[in-house]
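J.: Prediction below, plus the sequence it came from.
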Amino acid sequence: QDTLRPLIGELGGLTMMEPAERELRVDLGSLVAEGLITVVPHEGWLTTPEQFEGSQGGSPPWRMDAFYRRVRKDSGTLMDETGRPVGGKFSYDAENREAWHGEPPAPQEPDFPLDPVKEEVLELVSTVFADHPGELRPDALTGTRSDAERLWAWAKAECLDSFGPYEDAMSTRSEGLFHTRISFLLHVHRLLPGRLVEEVATSDAPLASREGFVRQVLGWREFMRHVHMRTDGFRDLTGAGGVKSGAESEPAVPSALGADQSLPAAWWGTESGLACLDEVVDSVLRTGYSHHITRLMVLANLATLLDVSPRELTDWFWAMYTDAFDWVVEPNVLGMGTFAAGNLMTTKPYVSGAAYIDRMSDYCAGCRFDPKKTCPITSLYWAFLGRHEQELRDNPRMRLPLASLRKRSEERRALDTRVFDRVSKALQAGHDLEPNIVDRRAAPGEEPNP
């Protein structure tokens, strides 16, 4: 505002689209309150606070499904002439959970040419930020509008048909599989979501793929933004709305499960010995991207099982991903990936053992651990449930996992705890995990062998 105030005095009042980021809303808030800046709706968003509030019935908990149904009906997207969802269902999520085994072939992302502006930016980054993590890949950067249009055309032609069935799949053979890779362009509004939703909804792609894309953009993306605004960036979990924090620079630090461990060096590229984690981290370091299931069920899942600080993990996502902005990272990590905000916007912690990763990926085939016998992730899962049984016991969606936990023998539960201690200590020390980390013969007090 220090820059804008004298300009307003010289030029008169300004009009701006409502900022997506909290910090800009806070910084310009006094100018808005004084009537020097007029705020109008942002063209990069498709829904209103009234639609969010009307679908939720007031205070939290808030649920995306109710919001998604409301905006589908309001917009008419994928709705028939009788007001029912095309195909008879609002969501095909249950059908869109196939593992990918190489067919159909995954598309190869296009390359983009250099231009003078891109060359100047690359030189700046390589000079000023040379010690930052990641790689500079000029051919992957969409620097112009024509680049953005070319990527979107490629996504529609090469990805959309198979996107739905394989949107949860993970593979060493393709980092993005059939995901469109347009999230960054969408978040900076180089591509506008209204157009994308319309083109996909009216395309000839299979219904499950069209609905899956629409749900992510019209549903989840919009829902994230509303939750972030209503909670003042997760500083007010009552959902009263408005900016509450006097300390504007302090980030939100919710941790419903009390997680407070440091983020291990494995998230920054030190090998952990877990092929799934090492594969995904390497991909993020090289590309600044990975799709939503690797973010949720590998990176956030393992951090949650290890009681890593949700704030540290959120900051890591913010630093590592090209599509990271607070309005999307904080809800996805604090609200969903780590369950740090409790049941505010999700119904349960999204955690799993090795079986899910083995079923949905090919990571385990190249790992030193056997997912059915020696992978520590399964013990980490049971140890997590054991540590947090009291906090989760009243959650309806956790009744079955907790009932299974109670059937687990005392010996196995003790082993789970030992494995958690060993894995946590080894990774905190920056060591990779030895193949015998799940050693049923080890004494309860034995230290891990990093």
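T.: Structure received.
J.: Okay, now the unreliable bits of the stretch 101-250 of the chain?
T.: For the stretch 101-250 of the chain, residues meeting the criterion pLDDT under 70 lie at 241-249.
J.: Could you pull out the helices in it for me?
T.: Remark: helices assigned in the stretch 101-250 of the chain by DSSP state H, counting those that start in this stretch are 116-128, 145-154, 160-163, 183-187, 193-201, 207-214, 222-230.
J.: I'd like to know how far the residue nearest the centre of the chain sits from Phe234.
T.: Residue closest to the average C-alpha location in the chain (Cα atoms, centre = their mean): Asn332, at 4.6 Å. Using Cβ to Cβ, to the nearest Å, Asn332 is found at 11 Å from Phe234. For glycine as for every other residue, the C-beta is placed from the backbone atoms N, C-alpha and C.
J.: next one: Lys425
T.: In this view, Lys425 and Phe234 are 30 Å apart by Cβ to Cβ.
J.: May I see the buried residues of the helix or strand harbouring Glu50?
T.: Element membership for Glu50 (DSSP states H and E) is helix 49-56. For helix 49-56, a neighbour-count test (16 or more other Cβ atoms under 10 Å) marks Gln51, Phe52, Glu53, Ser55, Gln56 as buried.
J.: re earlier: how about the residue nearest to the centre of the chain, nearest residue that isn't a chain neighbour?
T.: Distances taken as Cβ to Cβ, 6 or more residues apart in numbering place Met224 nearest to Asn332, at 6.6 Å, with adjacent residues excluded.
J.: surely Gly430 meets Trp267?
T.: No: contact criterion Cβ atoms under 8 Å: Gly430 and Trp267 do not qualify, at 11.2 Å.
J.: what about the two, which has more around it?
T.: Trp267 (22 against 14; other Cβ atoms under 10 Å).
J.: my guess is the residue nearest to the centre of the chain is in a strand, correct?
T.: No: under DSSP: H, G, I helix; E, B strand; the rest coil, Asn332 sits outside any strand and is assigned helix.
J.: Identify the residues contacting it.
T.: Contact partners of Asn332, counting by Cβ atoms under 8 Å, 6 or more residues apart in numbering, are Met224, Arg295, Leu296, Phe317.
J.: hmm, who's touching the helix holding Glu50?
T.: Contacts to helix 49-56, defined as Cβ under 8 Å, 6+ apart, come from residues Trp62, Arg63, Ala66, Phe67, Arg69, Arg70, Val71, Asp74, Phe223, His226, Met229, Arg230.
J.: pLDDT of that helix, averaged?
T.: Rounded to a whole number, the mean pLDDT of helix 49-56 is 96.
J.: For the remainder of this discussion, apply numbering that starts at 85.
T.: Happy to do that; since the first residue is 85 now, the last one works out to helix 133-140.
J.: Hey, what's the angle from it to helix 306-314? Just curious.
T.: 100 degrees (axes from the mean of the first three to the mean of the last three Cα atoms, to 10 degrees).
J.: quick one, what contacts the closest residue to Leu269 other than its chain neighbours?
T.: Excluding its sequence neighbours, the residue lying closest to Leu269 (Cβ to Cβ, 6+ apart) is Leu275, at 4.6 Å. Residues near Leu275 by Cβ under 8 Å, 6+ apart: Ala232, Trp236, Ile266, Leu269.
J.: and if you look at Tyr250?
T.: Contacts of Tyr250 by Cβ under 8 Å, 6+ apart are Asn180, Glu182, Ala183, Trp184, Leu261, Phe262.
J.: ok, the fourth one - contacts?
T.: This means Trp184. Shown in contact with Trp184 (Cβ under 8 Å, 6+ apart): Ala190, Tyr250, Ala253, Ser255, Ser258, Leu261.
J.: try it again with 7 Å
T.: Tyr250, Ala253, Ser255, Leu261 (Cβ atoms under 7 Å, 6 or more residues apart in numbering).
J.: now the last one
T.: Residues in contact with Phe262, defined by Cβ under 7 Å, 6+ apart, are Ala190, Cys243, Ser246, Phe247, Tyr250.
J.: Kindly reformat those residues as JSON lines containing distance to Gly172.
T.: Output for the contacts of Phe262, formatted as JSON lines (distance: Cβ to Cβ, whole Å):
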{"residue": "Ala190", "distance to Gly172": "30"}
{"residue": "Cys243", "distance to Gly172": "25"}
{"residue": "Ser246", "distance to Gly172": "22"}
{"residue": "Phe247", "distance to Gly172": "20"}
{"residue": "Tyr250", "distance to Gly172": "23"}
